[in-house]
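*Asks:* could you look at this predicted model? Sequence included:
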Amino acid sequence: MRVLDASAFIKEYNTTGRTATVPRVREELTAESGYRFDALEGSGMHVHVPDATAIEHVERTARDTGDLDELSETDVRLLAATLELDGTLVTDDYAMQNVAEKLSIGIDSIDQEGITEERDWEFQCVGCGRVYDDDPERCPICGSECTRKRP
Ligand SMILES: [Zn+2]
């Protein structure tokens, strides 16, 4: 069971296997990608509403990994749904992939490079805005925290 995030619809991710998603994803889609959602739902995609226990579990894990602030309500529900359905999460979102890894959820990326390959994200200081390739934890210039971002 592949659980699809919004970008899977936008980027026309293709799979012949069973698919699922959460209702909120539909709200994030434009007309064209929304049509793709409706077509997939029409052909059997499972639109899953995760229960509160799974959502709480995901939120707790995301808080531990420091990714909670970067996850939308939809992201949290996608992770919770994947957990409940014992599926594979299809997403290119780094924060979701990171939390999924922690939850032992399988990940499939839409673009071909998966999380197992070289991670090429950047770290930006919340204080002065300087960007670093490696996580300095604290900015060596101003001492503020650094957060991950996609280059
Ligand atoms: Zn700084």
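*Replies:* Right, received. Where do you want to start?
*Asks:* average pLDDT across the one helix or strand residue 146 maps to?
*Replies:* Secondary structure assignment for residue 146, by DSSP states H and E: strand 146-149. What strand 146-149 shows for mean pLDDT is 88.
*Asks:* give me the element the residue nearest the centre of the chain is part of.
*Replies:* Taking C-alpha atoms, centre = their mean, the centroid of the chain lies closest to residue 96, which sits 3.0 Å from it. Per DSSP H and E: residue 96 is located in helix 94-102.
*Asks:* next SSE after that helix?
*Replies:* Per DSSP H and E, the first helix or strand lying C-terminal to helix 94-102 is strand 106-108.
*Asks:* what does that next one contact?
*Replies:* 2, 87-91, 97, 100-101, 114-115 (C-beta atoms under 8 Å, 6 or more residues apart in numbering). For every residue, glycine as well, the C-beta is placed using N, CA and C.
*Asks:* picking up where we left off before, what's the strand holding residue 146 packed up against?
*Replies:* The contact analysis (3 or more C-beta pairs under 8 Å, 6 or more residues apart in numbering; DSSP states H and E) places strand 146-149 against strand 122-125.
*Asks:* ok, back up a step: for the residue nearest to the centre of the chain, give me its contacts.
*Replies:* 5, 67, 71, 75, 78-79, 89 are the contacts of residue 96 under C-beta under 8 Å, 6+ apart.
*Asks:* what about those, which are in helices?
*Replies:* Using DSSP state H, 75, 78-79 are the members of the contacts of residue 96 that sit in helices.
*Asks:* can you put those in TSV and add distance to the ion and pLDDT?
*Replies:* Below are the ones in helices among the contacts of residue 96 laid out as TSV (distance: C-beta to the ion, whole Å; pLDDT from 0 to 100):
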residue	distance to the ion	pLDDT
75	27	97
78	32	98
79	31	98
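*Asks:* show the buried residues in these.
*Replies:* Taking 16 or more other C-beta atoms under 10 Å as the criterion, what is buried in the ones in helices among the contacts of residue 96 is 75, 78-79.
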